[in-house]
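Enquirer: Provided below for reference: sequence and predicted model.
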Amino acid sequence: MKTKVFTDGIDGHVQRSLDRASKRENGERLEAEKIITFADPLDMMECLTAQRVRICQVVRTKRLSISALAQELGRNRGSVTRDVNKLKGFGLLRLREQVNPGHGVVQIVEPVAQKFQMRVAV
């Protein structure tokens, strides 16, 4: 599944919805996708800092715990936890619990999609 990120607010969302509805009426098959729309490009820039983009790049290739991710990035675990939670809140990442034998449960960070497509209209 592809995830698309837009910054064109409600107007863009409405137009995309109408386009999809038109395609469905014409019997076209629609590709499964997840769309995240930011009302303002500044909101997207707040969400997608350089460090958060690095997190997305790493977890796309490796499924890691937050501690292992922090070590991989050479960053503080608390900072990585805050960034992961922010990205999770925006729908770009998810956490999956995995049994860690003898140590309880560990949360594994995963992307919601293998590819993110982002467009900014300024």
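Expert: Perfect, I can see it now.
Enquirer: quick check, central residue of this structure?
Expert: residue 92 (1.3 Å; Cα atoms, centre = their mean).
Enquirer: can you tell me how far that residue is from residue 3?
Expert: Shown here: residue 92 relative to residue 3, a distance of 7 Å by Cβ to Cβ, to the nearest Å. The C-beta positions use only the backbone N, C-alpha and C, and glycine is treated the same way.
Enquirer: shared neighbours, the two?
Expert: Residues touching both residue 92 and residue 3 (Cβ atoms under 8 Å, 6 or more residues apart in numbering): 36, 112, 116.
Enquirer: low pLDDT regions in the chain?
Expert: 1, 118-122 (pLDDT under 70).
Enquirer: for the protein, what's the longest helix?
Expert: Among the segments of the chain that qualify as a helix by DSSP state H, the longest is helix 9-25.
Enquirer: tell me where the protein has strands.
Expert: Listed in chain order, the strands found in the chain under DSSP state E are 2-6, 33-37, 64-65, 93-100, 104-111, 115-119.
Enquirer: export those to CSV and tack on distance to residue 21?
Expert: Below are those laid out as CSV (distance: least, Cβ to Cβ, whole Å):
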stretch, distance to residue 21
strand 2-6, 17
strand 33-37, 14
strand 64-65, 40
strand 93-100, 28
strand 104-111, 28
strand 115-119, 21
